[in-house]
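Engineer: Quick one: sequence and predicted model below, then my questions.
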Amino acid sequence: MVFCTINDFPAYGNLSGYSVKGHHACPICETNTSFLQLKHGKKTVYTRHRRFFKHYHPYRRLKKAFDGSQEHETVPNPLNGNEFYHRVKDVINMFGKSQKKPSSDANMWKKNSIFFDLPYWSNLHVRHCINVMHVEKNVCDSLIGTLLNIKGKTKDGLKCRQDLVHMGIRQVLHPISKGPRTYLPPACYTMSTAEKRSFCQCLRSLKVPQGYSSNVKSLVSVNDLKLVGLKSHDCHVLMQQLLPVAIRGTLPDKVRVAITHLCFLFNAICVKVIDPKQLDDLENEVVVVLCQMEMYFPSSFFDIMVHLVVHLVREIRLCGPVFLRWMYPVECYMKVLKGYTKTQHRPEASIMERYVVEECIEFSL
């Protein structure tokens, strides 16, 4: 449980030995990962979620709404434990930065994980879980940064629009040169100043029960029209409850509905009781929402964290509800342990001493 729970996506790569960067960054799709290398943005994005549909789905035949081509690929089949083991059993572990690593496209497995020495490890359907907490936070940061056009966090910009020109899609969003300046036409996800102010004032005026979340008012900067200092649980509350309320009356209907459905999906994924009969419908709904996001949002929005959303329902089917294997209980207890620190010079000893005292007191009572 420890190895499957306490990790974000970079730690996923460290534990499993899989390289979570590059063209084949998805450890579930592996070599069948659908990627696109942006020419101007210099980013690798992961789109074409239409291949997760049935062959007869109408989205597969659309061209202009997506990347200008139809989709004919099939759903990639995840490898089982034995197939993974045959991939990594001959990999020579090379530690240290001075060693020359092989090409990322030649073999995405960089080491033979020591966990394969366990007799049951090859028989597990899921050896390392995707942490929903970190996926939700990264998706929320990308979404909020793009909607509010926060500098350094938005996925839209001049290079993104130049990539649209290079791909030959969405002509209405192509940059327009006016002398020494370049004008970027507003997109369907672009909020006006009045809409940004309405969004921020809505969040600033919200009141929640004590202990439900942090003070949302402190996260909103009305003067700068942006959200600052978002923690993991703040993003969780935003995606689960607050964001659909804050965007009411703003943005076009199609964009607002797609964002609201994405929030509802995270809410459905994180519930404590899930009917296994509804997982197929939920998995199909995830693909529909991601394809709708591809229609409206720029290609640079779809980094690897957004792509991992499509695999969350699969892990629920194999591993059970999300709340049993995410990071929130661990982080809450880490906050308790940090509160035990009274001597900054020796924090570990201070934590250990107070922990032992607390255990003795509880045992005596």
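Structural biologist: Noted; the coordinates are in hand.
Engineer: Could you use CA atoms for every contact and neighbour count after this?
Structural biologist: Will do.
Engineer: By mean pLDDT, flag the weakest helix or strand of this structure.
Structural biologist: Here the helix or strand of the chain ranked lowest by mean pLDDT, DSSP states H and E is helix 2-5, holding a mean of 63.
Engineer: for the helix or strand just after that helix, packing partners?
Structural biologist: Downstream of helix 2-5, the next assigned helix or strand under DSSP states H and E is helix 9-16. In terms of contacts (3 or more C-alpha pairs under 8 Å, 6 or more residues apart in numbering; DSSP states H and E), helix 9-16 is packed against no helix or strand at all.
Engineer: What residues sit buried inside helix 9-16?
Structural biologist: 9, 12-16 (16 or more other C-alpha atoms under 10 Å).
Engineer: ok, now stretch 273-288?
Structural biologist: 274, 279, 282-283, 285-288.
Engineer: Tell me which residues are up against stretch 168-175.
Structural biologist: Contacts of stretch 168-175 with the rest of the structure, by C-alpha atoms under 8 Å, 6 or more residues apart in numbering, involve 64, 66-68, 158, 161-162, 164-165, 182-187.
Engineer: Which among these count as buried?
Structural biologist: For the contacts of stretch 168-175, a burial check counting by 16+ other C-alpha under 10 Å picks out 66-67, 161-162, 164, 184.
Engineer: will you turn those into a markdown table that also has secondary structure and pLDDT?
Structural biologist: Output for the buried ones among the contacts of stretch 168-175, formatted as a markdown table (DSSP: H, G, I helix; E, B strand; the rest coil; pLDDT from 0 to 100):
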| residue | secondary structure | pLDDT |
| --- | --- | --- |
| Phe66 | coil | 89 |
| Asp67 | coil | 85 |
| Arg161 | helix | 91 |
| Gln162 | helix | 92 |
| Leu164 | helix | 91 |
| Leu184 | coil | 90 |
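Engineer: which among these gets closest to Met352?
Structural biologist: Arg161 (54.4 Å; C-alpha to C-alpha).
Engineer: so what's that closest one closest to, chain neighbours aside?
Structural biologist: Nearest residue to Arg161 in three dimensions, chain neighbours excluded: His174, at 5.6 Å (C-alpha to C-alpha, 6 or more residues apart in numbering).
Engineer: And for the one you found, the neighbour number?
Structural biologist: 21 (other C-alpha atoms under 10 Å).
Engineer: go on, Glu362?
Structural biologist: 9.
Engineer: do the same with Tyr296
Structural biologist: Quick note: Tyr296 (other C-alpha under 10 Å) scores 17 neighbours.
Engineer: Next: Gly339.
Structural biologist: Quick note: Gly339 (other C-alpha under 10 Å) scores 12 neighbours.
Engineer: And it, its phi and psi?
Structural biologist: Dihedral pair for Gly339: phi -70, psi -20, per degrees, to the nearest 10.
Engineer: how far away is it from Asp90?
Structural biologist: Going from Gly339 to Asp90 by C-alpha to C-alpha, to the nearest Å gives 46 Å.
Engineer: in the stretch 101-250 of the chain, which spans are strands?
Structural biologist: 176-178, 181-183, 220-221, 226-227 (DSSP state E, counting those that start in this stretch).
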